[in-house]
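**Q** pasted the sequence and its predicted model underneath.
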Amino acid sequence: MLNLDLISRKIIEKRKQKGLTQEELAEALYVSRQAVSKWEMGKSLPSLEVLLEMTELFDVTIDYMLDGSELSDHDYQSMFMQYPRESVIYHFLNSNHVNDDIKNIFYLLTQKERKQMIDQMITKQLSIDVNLLWPYLSVVERKYLIGNFMSKDMDSDLFTLYDMMTTEEKMMVHPEGRTNIIVKNKRKGEKS
């Protein structure tokens, strides 16, 4: 059974967080101010259509409005079930926890989405620590990343990954092994 008191408190809380008056909320939802007043007093419920509009306006889930449960900012699996993929990925890319959350989202992405994210990292449009991303990459993605780092003369990035690479990947970097990478980095003034 729905708890009218809980729902009314959620509507009031979210309306005030948005800085809206009852009149402004009513206009945004194409209902009367009296309807909003009744919802907030716990005398009636918005229709399902209006409730869905409200969740978009307040940027919350329907579950949050109906039973108070809230999605965690790091629960990307649930987010993908409730929101469009583009919105969830946008939320991830614009969060302050990209490096912390890479483990929570990367495995949920399609191959195309993963490649786009890798490309953005290579071109420095996305600031993901390659050491954190590396364990989540497929063999093909790792080879792609190594190839791009080599072609763009990004030896310092290769050097940080070297200890995590397979023997085959190390041979891709340099057939004679690690010594050449260390020498190149020392010439560039970097500490090994």
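**A** That came through, no problem.

**Q** could you measure from the residue most central in space within the chain over to Leu57?
**A** Central residue of the chain (C-alpha atoms, centre = their mean): Phe92, 1.7 Å from the mean position. To Leu57, Phe92 is 22 Å away according to C-beta to C-beta, to the nearest Å. Where you see a C-beta, it was placed from the backbone N, CA and C, and this is true even at glycine.

**Q** now the helix or strand hosting Leu25: average pLDDT?
**A** Per DSSP states H and E: Leu25 is located in helix 22-29. The pLDDT scores in helix 22-29 average 96.

**Q** now the helix or strand that that helix is followed by: buried residues?
**A** Next helix or strand after helix 22-29 toward the C-terminus (DSSP H and E): helix 33-40. Across helix 33-40, burial judged by 16 or more other C-beta atoms under 10 Å covers 35-36, 38-40.

**Q** between helix 33-40 and helix 22-29, how many degrees?
**A** Relative orientation of helix 33-40 and helix 22-29, computed by axes from the mean of the first three to the mean of the last three C-alpha atoms, to 10 degrees: 100 degrees.

**Q** buried ones in the helix or strand just after helix 33-40?
**A** Going down the chain from helix 33-40, the next helix or strand is helix 48-58, by DSSP H and E. Within helix 48-58, the residues that qualify as buried are 50-51, 53-55, 58, counting by 16+ other C-beta under 10 Å.

**Q** show me what contacts Leu66?
**A** Counting by C-beta atoms under 8 Å, 6 or more residues apart in numbering, Leu66 touches 2, 7, 51.

**Q** tell me the spacing between it and Gly147.
**A** Distance from Leu66 to Gly147, by C-beta to C-beta: 50 Å.

**Q** what's the answer for Gln17, then?
**A** Taken as C-beta to C-beta, the span from Gln17 to Gly147 is 48 Å.

**Q** likewise for Tyr83?
**A** Tyr83 is 34 Å from Gly147, by C-beta to C-beta.

**Q** who has more neighbours, those two?
**A** Tyr83 (18 against 11; other C-beta atoms under 10 Å).

**Q** and that one, how far from Asn94?
**A** Tyr83 is 14 Å from Asn94, by C-beta to C-beta.
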